[in-house]
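# need a structure here:
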Amino acid sequence: MFAKWRSVNIRGMRLALYQPDIPQNTGAILRLAACMGVGVDIIEPCGFVLDDRRLARVAMDYAGKVDMIRHSSWRAYLERPAGRRLLLTTKGDVVYTEFRFDRGDTLLLGRESAGAPEEVHRRAEARIKVPMREGCRSLNVALAAAIVLAEALRQTGGLSKEIS
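Now for the predicted structure:
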C-alpha cells in the first residue's frame, strides 16, 4: 500500500506534517513537495482517512512524484534518522529569513486545527516563524510551508537550477 507514492527525494530536505487534519492542505503540500523535489513525512493519526484513492484526489497527478513516508505515531517518526527538525510555528523564536537552513533539514508543520503540542516543540531543534500583522492568528499551513520552503531552498542552492 502506498508504494506508488515513494519516489526519489531530489533535495534531501523534507516537509513533515504532524497529524494533519485537512486533506486539501495535505494535497497542496504534496503537490508543493512534488514540484520542489522534497520528501514528505506524514505523522499519524490524521484527521481524515489516509488512503491511495483520497490522496490521489487531493494531490491530483502529482502523486507519483512525491517521496512520502507514513509514520504511525510521533514516536515512530522520532525513531527515523533525520537531519535537524525545524518547527514552523506562530510561537517561533526566529523569523524564517533570519534562520540559516541546511540541505538535510526537515520543516515540521503542526495540525491545522491545533498546531503542535508541547512535546513536538521540545523536540524541535529550532522554532521558526513567518512574521504577520498584529491581530492575525496564523497562515494556512500549506502557505506557510511554501513560504519557508522557498527560502530554505534559496539558501541551500535548491532554487538556482531546474529540477529534473
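# Please count neighbours and contacts with C-alpha atoms only from this point.
Fine.
# ranges for the helices of the chain?
23-36, 52-59, 74-79, 118-123, 141-155 (DSSP state H).
# which residues touch the fourth one?
Residues external to helix 118-123 that are found in contact with it (Cα atoms under 8 Å, 6 or more residues apart in numbering): 85, 87, 127.
# which residues does the first one form a beta bridge with?
When assigned by DSSP bridges, R85 has beta-bridge partners T106.
# Contact partners for it?
105-108, 123-126.
# Turn the residues you listed into JSON lines, including distance to E98, neighbour count and pLDDT.
JSON lines is the format used below for the contacts of R85 (distance: Cα to Cα, whole Å; neighbours: other Cα atoms under 10 Å; pLDDT from 0 to 100):
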{"residue": "D105", "distance to E98": "15", "neighbour count": "17", "pLDDT": "96"}
{"residue": "T106", "distance to E98": "17", "neighbour count": "25", "pLDDT": "96"}
{"residue": "L107", "distance to E98": "15", "neighbour count": "26", "pLDDT": "97"}
{"residue": "L108", "distance to E98": "17", "neighbour count": "26", "pLDDT": "97"}
{"residue": "R123", "distance to E98": "21", "neighbour count": "14", "pLDDT": "95"}
{"residue": "A124", "distance to E98": "17", "neighbour count": "18", "pLDDT": "96"}
{"residue": "E125", "distance to E98": "15", "neighbour count": "12", "pLDDT": "96"}
{"residue": "A126", "distance to E98": "12", "neighbour count": "19", "pLDDT": "97"}
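# Which two among those residues are spaced furthest apart?
Greatest spacing in the contacts of R85, by Cα to Cα: D105 and R123 (13.9 Å).
# can you count the residues close to I22?
15 (other Cα atoms under 10 Å).
# Model confidence at it, what's the number?
pLDDT for I22: 90.
# wait, doesn't it sit right on V49?
No: under the criterion of Cα atoms under 8 Å, I22 is not in contact with V49, lying 10.3 Å apart.
# Out of the helices and strands in this structure, which is least certain?
helix 52-59 (a mean of 64; mean pLDDT, DSSP states H and E).
# before we move on, the earlier item: tabulate the contacts of helix 118-123 (a markdown table), appending pLDDT.
Output for these, formatted as a markdown table (pLDDT from 0 to 100):
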| residue | pLDDT |
| --- | --- |
| R85 | 94 |
| L87 | 96 |
| R127 | 97 |
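# before we move on, back to that, right, and the helices of the chain - which one's nearest R14?
helix 23-36 (8.1 Å).
# Just the buried residues of that closest one, please?
Neighbour-count burial for helix 23-36, with 16 or more other Cα atoms under 10 Å as criterion, is recorded at 23-34, 36.
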